[in-house]
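Student: Structure for the following, please:
(one chain, ligands or ions: 2)
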Amino acid sequence: MDPTSFLDVVSLTKRYGTFVALDDVSVTVGEGEFVCLLGPSGCGKTTLLRVIAGLTGFDAGDVRLEGRSIADLPARKRGFGIVFQSYSLFPDMTVAENIAYGLKIRNVSPERMRARVRELLEMIRLPHLADRLPWQLSGGQQQRIALARAIAVDPRVLLLDEPLSALDAKVRAELRGEIRRLQRDLGIPTLMVTHDQEEALALADRIICMNNGRVVQAGTPEELYLRPATRFVAEFMGTSNLLDVEQVRALFPDLLPGSPETGAGRRYACIRPEHVELRPDPGGVATVRGVTFLGHLRRLEVESPAGLLTVETHGSAEVAEGSRVALSVDPRHCTWVIDDMEAAAPGGTGA
Ligand code: ADP
Ligand code: MG
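Tutor: Ligands and ions are numbered 1, 2, ... in the order given. Model prediction:
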């Protein structure tokens, strides 16, 4: 066990009938760490969070807190704070009563409870809403209250299941910052589920990328974005140009020496759009087919002997559609990935 690990999911397997929802999944959250569980819809994220929370059983493996198994500990005794995607506030209780809920069932004294609720409302910057009912709040406010309610009992671990996904973009970005600030201030080990790679990149100390009930890669946001291990991670973590060996030979032969010995399966060079260098060159082998101005950058579709590439530039010099260009890539910006999607069966059981 990692010496700083706090929560450990060890080789966990969970089936629904014959369907394998989690296949030998191992996950670690260190003390004070913010970990994002990232993957497409249906890959098993919620199932894993529910197993950790003790709300769902499992078939094999273990869940440990500070090295000790909590597999037999009922959910209410785990001392975890949970926030779900949909607003799960009690509709007939005021904001203050919602936040106080966990304290009340723990028989905290009324004075202590009032003080704690006030403190939490200050913390989430909504002190004026104590007497409102949930339906009188915006979506973003409701999720802040849900967060305050989860934090109220000083949870040992915070589990967040897509807490931002029902909110519109601006509120989502705001609350994202808020969650990160609270987590840092309080130092609560946190596992947050999301299917949004940008959210994971922005929030996480570490990202665990899942597909079809399995962990595909775990690492820092930089590692997953810049050094994806597989095609799935490369494509899930943002836009990428994936070129097979023949395409690399045709366009960027300099990158070939980096190609690993091919074992089973195909390999691709993964090159992010911002790492393709482009300069106007009447004798160049590539042609600009489309230019999209996105304010902070231009996204170009470039036709090349290796097919269509996506290129992003910050250059102020305009490259017109139809113009010829030369392309190059610094070998340091090329990562070879294995193809883990060829054999992936839809609805896969991890086979
Ligand atoms: P995610 O949260 O990543 O979208 P889930 O953990 O909710 O994924 O679901 C993973 C898979 O398990 C999905 O294919 C889903 O249909 C299936 N599943 C989830 N809950 C149940 C259940 N109670 N019974 C049967 N299948 C389920
Ligand atoms: Mg889910």
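Student: now the helices for the chain?
Tutor: Secondary structure of the chain by DSSP state H: the helices cover 45-53, 95-105, 110-123, 139-151, 169-186, 197-203, 221-226, 231-236, 245-251.
Student: Output these in JSON lines; the columns should cover mean pLDDT and distance to Val325.
Tutor: From N, CA and C alone the C-beta is placed, and that goes for glycine too. Formatted as JSON lines, the helices of the chain follow (pLDDT from 0 to 100; distance: least, Cβ to Cβ, whole Å):
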{"stretch": "helix 45-53", "mean pLDDT": "97", "distance to Val325": "41"}
{"stretch": "helix 95-105", "mean pLDDT": "94", "distance to Val325": "57"}
{"stretch": "helix 110-123", "mean pLDDT": "94", "distance to Val325": "52"}
{"stretch": "helix 139-151", "mean pLDDT": "93", "distance to Val325": "44"}
{"stretch": "helix 169-186", "mean pLDDT": "91", "distance to Val325": "33"}
{"stretch": "helix 197-203", "mean pLDDT": "94", "distance to Val325": "29"}
{"stretch": "helix 221-226", "mean pLDDT": "96", "distance to Val325": "24"}
{"stretch": "helix 231-236", "mean pLDDT": "95", "distance to Val325": "24"}
{"stretch": "helix 245-251", "mean pLDDT": "91", "distance to Val325": "12"}
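Student: Nearest to ligand 1, out of those?
Tutor: Smallest distance to ligand 1 across these (Cβ to the nearest ligand atom): 3.2 Å, for helix 45-53.
Student: does the closest one come close to ligand 1?
Tutor: Yes - remark: helix 45-53 sits within contact range of ligand 1 at Lys45, Thr46, Thr47, by Cβ under 6 Å from any ligand atom.
Student: The closest residue to Leu297 other than its chain neighbours pairs with what?
Tutor: Ranked by Cβ to Cβ, 6 or more residues apart in numbering and with sequence neighbours excluded, the top spatial neighbour of Leu297 is Glu312, at 5.0 Å. Glu312 has these beta-bridge partners by DSSP bridges: Arg299.
Student: Just the CA atoms of stretch 9-27, as PDB, please.
Tutor: Presented in PDB, the C-alpha positions along stretch 9-27 are these (Å, rounded to 0.1, in the frame of the first residue of the first chain):
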ATOM      1  CA  VAL A   9     -10.200   0.200  -3.600                       C
ATOM      2  CA  VAL A  10      -8.500  -3.100  -4.200                       C
ATOM      3  CA  SER A  11      -9.100  -5.300  -7.300                       C
ATOM      4  CA  LEU A  12     -12.800  -4.700  -7.100                       C
ATOM      5  CA  THR A  13     -15.300  -6.700  -9.200                       C
ATOM      6  CA  LYS A  14     -19.000  -6.000  -9.300                       C
ATOM      7  CA  ARG A  15     -21.500  -7.800 -11.500                       C
ATOM      8  CA  TYR A  16     -25.200  -7.100 -12.200                       C
ATOM      9  CA  GLY A  17     -26.300 -10.600 -13.100                       C
ATOM     10  CA  THR A  18     -23.800 -11.700 -15.700                       C
ATOM     11  CA  PHE A  19     -22.900  -8.100 -16.700                       C
ATOM     12  CA  VAL A  20     -19.500  -7.100 -15.300                       C
ATOM     13  CA  ALA A  21     -19.900  -3.500 -14.300                       C
ATOM     14  CA  LEU A  22     -16.500  -3.200 -12.500                       C
ATOM     15  CA  ASP A  23     -13.600  -5.500 -13.500                       C
ATOM     16  CA  ASP A  24     -10.700  -5.700 -11.200                       C
ATOM     17  CA  VAL A  25     -10.700  -2.000 -10.400                       C
ATOM     18  CA  SER A  26      -8.100  -0.600  -8.100                       C
ATOM     19  CA  VAL A  27      -8.200   3.100  -7.000                       C
END
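Student: Begin at 274, not 1, for the rest of this chat.
Tutor: Understood, numbering begins at 274; the last thing we discussed is stretch 282-300.
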